[in-house]
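Colleague: Structural data only, the sequence is not supplied:
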């Protein structure tokens, strides 16, 4: 009978252990140490997560390499007009690195901290991207008009100031819904999330309008300055180059606007998200939108703009006679003179001998008179001034008179 309490305790322990099932085994490609919320990043059975992670990481790496290349080549850019575009471009590349990084936060599982990060950084990151496009449009508009562009640091500061407004909007939204009202950070209506990004969409539309204005009005300015002097033709080539920048800027803005229209329509109306009581439970569409938007800005704006900034300016055909940067090397006195060097005395002597030979061989009007080209001959004015008498001939170099 003393064994029965021990058996009862053992059976109770076995029943308690069987009531708590063991965690599921990790999927293929993930180790046991990986937490279940993060297994989507290494799960080879659901390949879409791994592919999206690889595309995001490659985009972040490309943005980082391009930013480092611009910083290294910054000293070699001497033209102020091209150098002014480096500041907004570096701001855009840094923002793209953040977009590709935060896209991974939309792939993993949800907790309070991750959801706050998603809601707080989605709008400001996109606002930084589109404000960079906007200040590039302002820069190109001034350059096409023949004005001086602001410096790159001033344009980058303007982009940061424009994006700061969206940062304030997102911070107030998180504080009001999570901190003040106590709602879970991972549950919010999709319509509220879309409305907080309306300022960001406005920045994108303004950037697209500025770039389109430069593309359309830039062609008329180039046509007007096509003829005329050499300076007008050089100014026309410069405006054509800025027009090329504006074309790439417009293409990136247009592709971004189409993407936003597509994902907002799917996000709001694809799963009944327009209803007030529907909460956001799964957000892989936001991760896909982040990665696609990042690659659109990288391919259609960042890479072409970096190429146009680093490209050498076209050389002018006109020779600058006042340019002292290229000086001829000093002559070396030890070198021999070339055979075709100019010798004035022998050439003059040969010319006089040829002239004398030609006059003596062909004859003249008065063949009896010898050649007297080296004899002093008085003019009529000298005869009149001397009263008709023959003036005294000058002494030649031998010291005797000629007659």
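Modeller: Structure's in. What do you need? Predicted model only: the values in this text are computed from it and were never measured.

Colleague: So what touches stretch 98-112?
Modeller: 36-38, 40-41, 49, 52-53, 56-57, 59-60, 63, 114, 117-118, 121-122, 125-126, 129, 184-186, 283-284, 286-287, 290-291, 293-294 (C-beta atoms under 8 Å, 6 or more residues apart in numbering). C-betas here are computed from N, CA, C, even on glycine.

Colleague: For ChimeraX, write the select line for the buried members of the residues you listed.
Modeller: The buried residues among the contacts of stretch 98-112 can be selected in ChimeraX (16 or more other C-beta atoms under 10 Å) with this line:
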select :40,41,49,52,53,56,59,60,63,114,118,121,122,125,126,129,185,186,283,286,287,290,291,293,294
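
Colleague: mind listing which of the contacts of stretch 98-112 are in helices?
Modeller: Among those, DSSP state H puts 49, 52-53, 56-57, 59-60, 63, 114, 117-118, 121-122, 125-126, 129, 284, 286-287, 290-291, 293-294 in helices.

Colleague: where's residue 258 relative to residue 306, distance?
Modeller: Separation of residue 258 from residue 306 (C-beta to C-beta, to the nearest Å): 24 Å.

Colleague: More neighbours: these two, which one.
Modeller: Looking at residue 258 and residue 306 with other C-beta atoms under 10 Å, you find the greater number of neighbours at residue 306, namely 20 against 11.

Colleague: which residues are contacting stretch 287-294?
Modeller: 52, 55-56, 59, 63, 96, 99-100, 102-104, 106-107, 126, 129, 256, 259, 263.

Colleague: where in the chain is pLDDT low?
Modeller: For the chain, applying pLDDT under 70 flags the ranges 1-29, 31-32, 36-39, 43, 45, 218-236, 271-283, 312-378, 380-384, 386-403.

Colleague: Swap in 90 and give it another go.
Modeller: 1-53, 74-82, 103-120, 144-149, 152, 173-197, 216-245, 263-289, 308-403 (pLDDT under 90).

Colleague: biggest helix in it, by residue count?
Modeller: Secondary structure of the chain per DSSP H: the longest helix is helix 230-269.

Colleague: If you count neighbours, what's buried in that helix?
Modeller: Buried, per 16+ other C-beta under 10 Å, within helix 230-269: 235-236, 238-243, 245-257, 260, 263-264, 267-268.

Colleague: Remind me what whichever strand or helix holds residue 65 packs against, helices and strands.
Modeller: Under the criterion of DSSP states H and E, residue 65 resides in helix 47-72. If you count contacts as 3 or more C-beta pairs under 8 Å, 6 or more residues apart in numbering; DSSP states H and E, helix 47-72 packs onto helix 86-102, helix 284-297, helix 303-310.

Colleague: relative to helix 303-310, how tilted is it?
Modeller: 10 degrees (axes from the mean of the first three to the mean of the last three C-alpha atoms, to 10 degrees).

Colleague: tell me the angle of the host helix or strand of residue 209 relative to helix 230-269?
Modeller: Per DSSP H and E: residue 209 is located in helix 198-224. Angle, helix 198-224 to helix 230-269, by the same axes, to 10 degrees: 150 degrees.
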